[in-house]
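A.B. asks: Here is the input, now give the coordinates:
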Amino acid sequence: WVSHLIDSEHQATRAWMQQPLAHSAQPLHCHFAQVEDAAALQLLNVAQLDYLAEQVRGTPWANLPRLSAAAPFKAGFGPGPAADIPAGPLTLKDAVEIYPYQNQFKAVRVNGAQLREWLEMSAGQFQTLDPVAGGTQPLLNPDFPSYNFDVIDGVRYAFDLTQAPRYTVQGQLNPQGGRRVALLEYQGQPVRNEQDFLVATHSYRAEGGGRFAALEKAEVVVDSRTDSRQVLVD
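C.D. replies: Below is the predicted model of the structure:
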C-alpha cells in the first residue's frame, strides 16, 4: 500500500531524471579510467575548467594556469559497477552516473611542489611492479578507492611504478616509499616547485577528504556553493 501512496511522486522523479541534457557521439564510461584516458572523466574536467574560468574572470587569479582534477567515482574495480553510458542522448540520470556525490565546486591554489605531491598520492592506486619478475603482476591496489585517483587535466605526467608509493592509502608518508612522478610538465616545460596553479576540484578533496597531504595548506580561492554535478549538467 505504500507504493500506491507514493506512485505519483515516484513517476515524477523518474520523469525528472530522464529529462534530456545533451547528446554524446561516443560512449561515456569508466571501465578502464584508472589505466587510460576516459571520455567521462574528460567531460567532467572540461566542465570544471569552464566553470573555473567563469569564476575567476576579472579576479587576481585570472592569469594563473588552470588545471582540473577528477576521479572515476564508479570505476568497477571494487564494489559496484562502473559508470557506463552508451552514445546518444544524455539525461540527468547519466550525470548522476558520472557524478554520484553531493560535493560542491571548489578551486585551490597550489604550487608545483604541492601539485607533484597531489599526483604522488594518486599514484598510490597502483601496485609496485618488478621489471625483472616473470609472469603477470597485479597493477591496481584493491585497498585504494578509485574516488581518490585524481586525474589532473592540463599537465602531462608519468608514473614510475617500479618505485614504492610515496604515501599509504591513509595519506601518510611511506617510510619505504619512493617518488613515482617521473615526469611533470605544463605546456611542454617542466613544472617548477614555485610555479602557481589553480586546480578545480570539489569540497570533499578541498576539505581534507582522502587525506591528500598536498592540500593541507592549499588556499581555497573559489569557495562555491554550486554542486559539482550541476557544473557537469550545465
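
A.B. asks: which intervals of the protein have sub-threshold pLDDT?
C.D. replies: Applying pLDDT under 70 to the chain flags residues 1, 78-79.

A.B. asks: what about 80?
C.D. replies: 1, 76-80 (pLDDT under 80).

A.B. asks: Can you show me the helices along it?
C.D. replies: For the chain, helices defined by DSSP state H occupy the ranges 2-5, 7-17, 39-56, 92-98, 112-122, 203-206, 228-233.

A.B. asks: would you turn those helices into JSON lines with mean neighbour count?
C.D. replies: Backbone N, C-alpha and C define where each C-beta goes, glycine included. Shown next, in JSON lines, are these (neighbours: other C-beta atoms under 10 Å):
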{"stretch": "helix 2-5", "mean neighbour count": "7"}
{"stretch": "helix 7-17", "mean neighbour count": "10"}
{"stretch": "helix 39-56", "mean neighbour count": "20"}
{"stretch": "helix 92-98", "mean neighbour count": "19"}
{"stretch": "helix 112-122", "mean neighbour count": "22"}
{"stretch": "helix 203-206", "mean neighbour count": "20"}
{"stretch": "helix 228-233", "mean neighbour count": "21"}
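
A.B. asks: Let's have the ones you listed in JSON lines, adding distance to Tyr147.
C.D. replies: Listed next are the helices of the chain as JSON lines, based on distance: least, C-beta to C-beta, whole Å:
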{"stretch": "helix 2-5", "distance to Tyr147": "33"}
{"stretch": "helix 7-17", "distance to Tyr147": "22"}
{"stretch": "helix 39-56", "distance to Tyr147": "12"}
{"stretch": "helix 92-98", "distance to Tyr147": "12"}
{"stretch": "helix 112-122", "distance to Tyr147": "11"}
{"stretch": "helix 203-206", "distance to Tyr147": "8"}
{"stretch": "helix 228-233", "distance to Tyr147": "12"}
